[in-house]
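S.K.: Predicted model and sequence below, questions to follow.
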Amino acid sequence: MGSPTILDTIVARRREDVAAAKAAVPAAALEAQLADAPPVIDFAARLRRDAPLAVIAEVKRASPSKGDIAPGLDAAEQALRYARGGASAVSILTEPTWFKGTLADMAAARAAVDALGPARPAILRKDFIIDEYQLLEARVHGADAVLLIVAALDDAALRRLHDGARALGMQALVEVNSADEMARAAELGAGLVGINNRDLRSFRVDLATTDRLASLAPPGALLAALSGISTRADVERFTAVGAAAVLVGEALMVAPDPAAKVRELRGVPAAAPGSAP
Ligand SMILES: O=C(O)c1ccccc1NCC(=O)[C@H](O)[C@H](O)COP(=O)(O)O
């Protein structure tokens, strides 16, 4: 048993956070709020609507590998910038310690994009989800989908959380970084698979990860490439191996014009000056 990785450390802290959250707001209280939660949409269908390439644009104020990225950023305003650029979904980091995210960020981003009507981007809760309680939190705060990190979960927990998300009407983006993890995602019957080019244990980002694993994805699953993506060339590299979506964080968080950056990644012309988004 080697020393704990950053992933182990984050997961351990999330367990503590969840225990404290349960003490403050019992699961039953969250369940009572489900009826009034913002309605959920089909996350995969929303991505497929933007075929051949959907951009999942991420709100990430900070990270373990980079420290502060944009610590003062307003999540709702950034979500609207992403929507103006044509993002199919907005991924909201809700982990507070290393990523400086909150559930309130996600609720605010959801409320902001709701004003755009049915064409709104879908909302993904990006967090280290290890307990069904976090699924309730996600749904009550407007998520359409949640991230499930294979490397952080044993098979029983993975299945329990995958089924739990579905029971709440949400979908799960199942994140893998190796052939073994892809096999576990396939065994799970994952319909949405995210290949993370970042090894969450070492922070090493290798774009060849998607090249290497794409062909192992379960037939019919929607495939997304995550991490280390910053140019249209990166996107085309991944659509060439079957990715139908890319998830981009840092490159969008540091972009002077996030909407224009989303358009660039989508391969669509820049909006004419003064034109409607
Ligand atoms: O981003 C990190 O440093 C990180 C470290 C440890 C666990 C997870 C981490 N990030 C979560 C992600 O997977 C990325 O935020 C997401 O894929 C976007 O990546 P990027 O476009 O490279 O910011």
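M.R.: In hand now; what should we look at? All values derive from a computational prediction rather than experimental measurement.

S.K.: Could you measure from residue 110 over to residue 120?
M.R.: Note on residue 110: its distance to residue 120, by Cβ to Cβ, to the nearest Å, is 9 Å. No exception for glycine: its C-beta is placed from N, CA and C like everyone else's.

S.K.: Give the burial count for residue 32, as a bare number.
M.R.: 11 (other Cβ atoms under 10 Å).

S.K.: That one is in what secondary structure piece?
M.R.: Under the criterion of DSSP states H and E, residue 32 resides in helix 27-33.

S.K.: before we move on, back to that, residue 110 and residue 120: who's more crowded?
M.R.: Taking neighbours as other Cβ under 10 Å, residue 110 and residue 120 compare with residue 110 leading, 24 against 19.

S.K.: Please name the residues that touch that one.
M.R.: Going by Cβ atoms under 8 Å, 6 or more residues apart in numbering, residue 110 touches 38, 123, 141-143.

S.K.: just the helices in this protein please.
M.R.: With helices called from DSSP state H, the chain shows them at 6-24, 27-33, 43-49, 75-84, 103-114, 132-140, 155-167, 179-188, 208-213, 232-239, 250-253, 258-266.

S.K.: Same list (those helices) but as TSV, adding mean pLDDT and distance to residue 194.
M.R.: Below are the helices of the chain laid out as TSV (pLDDT from 0 to 100; distance: least, Cβ to Cβ, whole Å):
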stretch	mean pLDDT	distance to residue 194
helix 6-24	97	15
helix 27-33	98	26
helix 43-49	98	11
helix 75-84	98	17
helix 103-114	98	18
helix 132-140	98	16
helix 155-167	98	13
helix 179-188	98	9
helix 208-213	98	10
helix 232-239	98	11
helix 250-253	98	16
helix 258-266	98	16
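
S.K.: Of those, which is nearest the ligand?
M.R.: Distances from the ligand to each of the helices of the chain were compared using Cβ to the nearest ligand atom; the minimum, 3.4 Å, belongs to helix 250-253.

S.K.: on contacts alone, who are the packing partners of that closest one?
M.R.: strand 54-59, helix 258-266 (3 or more Cβ pairs under 8 Å, 6 or more residues apart in numbering; DSSP states H and E).

S.K.: Show me which residues of it are buried.
M.R.: Counting neighbours by 16 or more other Cβ atoms under 10 Å, one finds that the buried residues in helix 250-253 are 250-253.

S.K.: Could you do stretch 180-195 as well?
M.R.: 181-182, 184-186, 188, 190-195.

S.K.: Now for the closest residue to residue 250 other than its chain neighbours, how many residues are close by?
M.R.: Once its chain neighbours are removed from consideration, residue 250 has its nearest residue in residue 69; the separation is 6.0 Å (Cβ to Cβ, 6 or more residues apart in numbering). By the other Cβ under 10 Å criterion, the neighbourhood of residue 69 contains 17 residues.

S.K.: Ok, residue 15 next?
M.R.: The number of residues packed near residue 15 is 13, by other Cβ under 10 Å.

S.K.: quick one: contacts for it?
M.R.: Shown in contact with residue 15 (Cβ under 8 Å, 6+ apart): 130-131.
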